[in-house]
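Chemist: when you get a sec, could you give me coordinates for this:
(one chain, ligands or ions: 1)
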Amino acid sequence: MPDLPPPFLGEPYLLTPGPLTTSRTVKEAMLRDWGSWDGDFRAMTSELRARLLAMLGEGVEAFDCVPMQGSGTFAVEAMLASFVPRDGKVLVLANGAYGKRAAETLAYLGRAHTVLDKGDYLPPRGSEVTAALAADPAITHVVAIHCETSSGILNHLKEIAEATAAAGRRLLIDSMSAFGAVRLEAGDFPFDAVVSSANKCIEGVPGFGFVLARKDVLEGAKGNSHSISLDLNAQWSAMEKTGQWRFTPPTHVVAAFLQALREHEMEGGVVARGARYAQNRDVLVAGMRSLGFETLLDDAWLSPIIVTFFCPADPAFDFDAFYASMKAKGFIIYPGKLTLVDSFRIGCIGRMDAAVMRRVVEAARDALAEMGLADATPPAVALEERKRLSAPEAAA
Ligand SMILES: *Cc1c(COP(=O)(O)O)cnc(C)c1O
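Modeler: Model prediction:
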């Protein structure tokens, strides 16, 4: 693994699911200006598309890559608006904030949809997809979230994809927080499109997202989108014809992303990136458990992306004070998103390794001591909540 120098002296690590800590060389790649129309920048766009496509592995010939300006949500909206025909109907598999956002996006777009809502973190299973599709022949598409970043759960894409294909429907994937660190290849199982963005596991800076989609699906998307700026068919056609983005591209972000893609390759690609993140998670989880903290998810469902911890039961614990103390020690953590119990999240992605994660655990130990907490054990209700994950429904 390459050296992971601290980002900049005094700069805190972002233990958040994007924007995240980037390498110094990624930041330095932004220290010049490019003309969007110029051949140099067109070559950069072309290299970016080729490198992203190559990550889909065998079977990639059927796919193409379309970058889209904006944050990840813009790219998800572009995918839904472009690939779901106006008379289509979508089954959204939701177990957290990003599944809910996909459903909200479809409501804005005026696309018929139905939601299989599993609550804060229970995984949607293949058998449930099979049943939902059998019950509603009007459904044309299924939307799945790869890693649901709001809890950190890694959903079972393979069984979802197989259930979807067996019912003759099409699958669209939000792999925003997993792509580049968790394997997802064109030949693994059938899907139409997958979306991710610059500032997650590839470790670039924020400013655009990208959709990797089957070429026949891109071709068939003509006229579906309600939006000129988010029309993937139009963005793709223009890029194929001219090598340019249709509207002002985030030139510096693209330059930084190309550098990030080269560093991703030098590290050893998806396998090595995923292994580093998994090690980050293992060091973090073991260390936090030694302080008494407990994770929302059983080990089998923990992703290498982000981990949700319950807040301690001790009334002396105050999240805002904990946050401020962690920040003063050089670590920015992330509030939780659970509805039933208090929690916080710590990201494992970005330019960090196991040595950094050991310092995170030491910082947490010192922050607890400052608050006068001897032990970080969560309340009983949190542990009961966690038990539901081992229920037969979840494990089915
Ligand atoms: C980060 C993320 C998004 C996009 O969020 P933006 O804030 O728009 O970049 C979408 N889905 C998932 C699962 C994510 O983790």
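Chemist: flag the shaky bits of the stretch 51-200 of the chain, pLDDT-wise.
Modeler: Within the stretch 51-200 of the chain, no range satisfies pLDDT under 70.
Chemist: which residues in it form helices?
Modeler: 72-83, 97-109, 126-135, 157-166 (DSSP state H, counting those that start in this stretch).
Chemist: can you tell me if the first one touches the ligand.
Modeler: So the one you mean is helix 72-83. Yes. Using CB under 6 Å from any ligand atom, helix 72-83 reaches the ligand at Gly72, Thr73, Val76. Any C-beta I mention is one placed from the backbone N, CA and C, and that applies to glycine too.
Chemist: how about the CA coordinates for stretch 351-363, as CSV?
Modeler: What follows is stretch 351-363, C-alpha atoms only, in CSV (Å, rounded to 0.1, in the frame of the first residue of the first chain):
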residue,chain,number,x,y,z
ARG,A,351,-7.1,8.8,2.5
MET,A,352,-6.7,7.0,5.9
ASP,A,353,-5.3,3.7,7.1
ALA,A,354,-5.3,1.6,10.2
ALA,A,355,-2.7,3.8,12.0
VAL,A,356,-5.2,6.7,11.7
MET,A,357,-8.1,4.6,12.9
ARG,A,358,-6.1,3.7,16.0
ARG,A,359,-5.7,7.4,16.7
VAL,A,360,-9.4,7.8,16.2
VAL,A,361,-10.1,5.2,19.0
GLU,A,362,-7.6,6.9,21.3
ALA,A,363,-9.3,10.3,20.7
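Chemist: and that stretch, how far from the chain's centre?
Modeler: 21 Å (CA atoms, centre = their mean, to the nearest Å).
Chemist: and for stretch 47-56?
Modeler: 18 Å.
Chemist: and the contacts of that stretch?
Modeler: Where contact means CB atoms under 8 Å, 6 or more residues apart in numbering, the residues beyond stretch 47-56 that reach it are 60, 63-67, 179-180, 184-186, 210, 212, 239, 254, 257-258, 261, 265, 269-270.
Chemist: let's see that with 7 Å instead.
Modeler: 60, 63-65, 67, 180, 185-186, 210, 212, 254, 257-258, 261, 270 (CB atoms under 7 Å, 6 or more residues apart in numbering).
Chemist: please apply the same query to stretch 317-324.
Modeler: Cys311, Ile333, Pro335, Asp342, Phe344, Ala367, Met371, Leu373.
Chemist: burial count for the third one?
Modeler: Looking back up the chat, that one is Pro335. By the measure other CB atoms under 10 Å, the count of residues near Pro335 is 12.
Chemist: also the one 4 residues further on?
Modeler: Here the count is done by other CB under 10 Å, and Thr339 has 7 residues near it.
Chemist: I'd like the distance between the closest residue in space to it that isn't next to it in sequence and Ser177.
Modeler: In space, Thr339 comes closest to Asp120 once its chain neighbours are excluded; the distance is 6.0 Å by CB to CB, 6 or more residues apart in numbering. Counting by CB to CB, to the nearest Å, the gap from Asp120 to Ser177 is 16 Å.
Chemist: just to revisit the earlier point, ok, and the most crowded of the residues of helix 72-83 next to the ligand?
Modeler: Val76 (27 neighbours).
Chemist: surely that one and Thr105 touch.
Modeler: Yes. Here Val76 reaches Thr105: they are 6.5 Å apart, a contact under CB atoms under 7 Å.
Chemist: which SSE is His252 in?
Modeler: Following DSSP states H and E, one finds His252 within helix 251-267.
Chemist: what about that helix, near the ligand?
Modeler: No. In terms of CB under 6 Å from any ligand atom, no part of helix 251-267 sits within range of the ligand; the closest distance is 12.5 Å.
Chemist: same question, stretch 340-353
Modeler: No. With CB under 6 Å from any ligand atom as the measure, stretch 340-353 is seen stopping short of the ligand, the closest distance being 10.0 Å.
Chemist: first-to-last residue distance for that stretch?
Modeler: End-to-end distance of stretch 340-353: 32 Å, with CA to CA, to the nearest Å as the criterion.
Chemist: so which bits of the stretch 51-200 of the chain are right by the ligand?
Modeler: Checking the stretch 51-200 of the chain against the ligand by CB under 6 Å from any ligand atom, the hits are Ser71, Gly72, Thr73, Val76, Tyr98, Ile145, Thr149, Asp174, Met176, Ser177, Ser197.
Chemist: bridge partners for the nearest residue to the second one once chain neighbours are set aside, pull those for me.
Modeler: With CB to CB, 6+ apart as the criterion, Gly72 has its nearest non-adjacent residue at 3.7 Å, and that residue is Ser197. Each beta-bridge partner of Ser197 is listed here: Gly209, as defined by DSSP bridges.
Chemist: ok, now how distant is Asp282 from the ligand?
Modeler: 21 Å (CB to the nearest ligand atom, to the nearest Å).
Chemist: run a quick neighbour tally on that residue.
Modeler: Counted with other CB under 10 Å, Asp282 comes out at 16.
Chemist: hang on, the earlier thing: from the residues of the stretch 51-200 of the chain next to the ligand, which two are the most distant?
Modeler: Ser71 and Ile145 (16.0 Å; CB to CB).
Chemist: gap between stretch 105-122 and the chain center?
Modeler: That offset, for stretch 105-122, works out to 18 Å (CA atoms, centre = their mean).
Chemist: still on that earlier bit, give me the phi and psi for the residue nearest to Thr339.
Modeler: phi -70, psi -30 (degrees, to the nearest 10).
Chemist: so who does it touch?
Modeler: Shown in contact with Asp120 (CB under 7 Å, 6+ apart): Gly96, Ser151, Leu338, Thr339, Leu340.
Chemist: tell me the contacts of the residue in the chain positioned nearest to the ligand?
Modeler: Residue nearest to the ligand within the chain: Gly72 (2.8 Å; CB to the nearest ligand atom). For Gly72, the contact set (CB under 7 Å, 6+ apart) comprises Met176, Ser197, Gly209.
Chemist: mind doing that once more with 8 Å?
Modeler: Gly18, Met176, Val195, Ser196, Ser197, Asn199, Lys200, Gly209 are the contacts of Gly72 under CB under 8 Å, 6+ apart.
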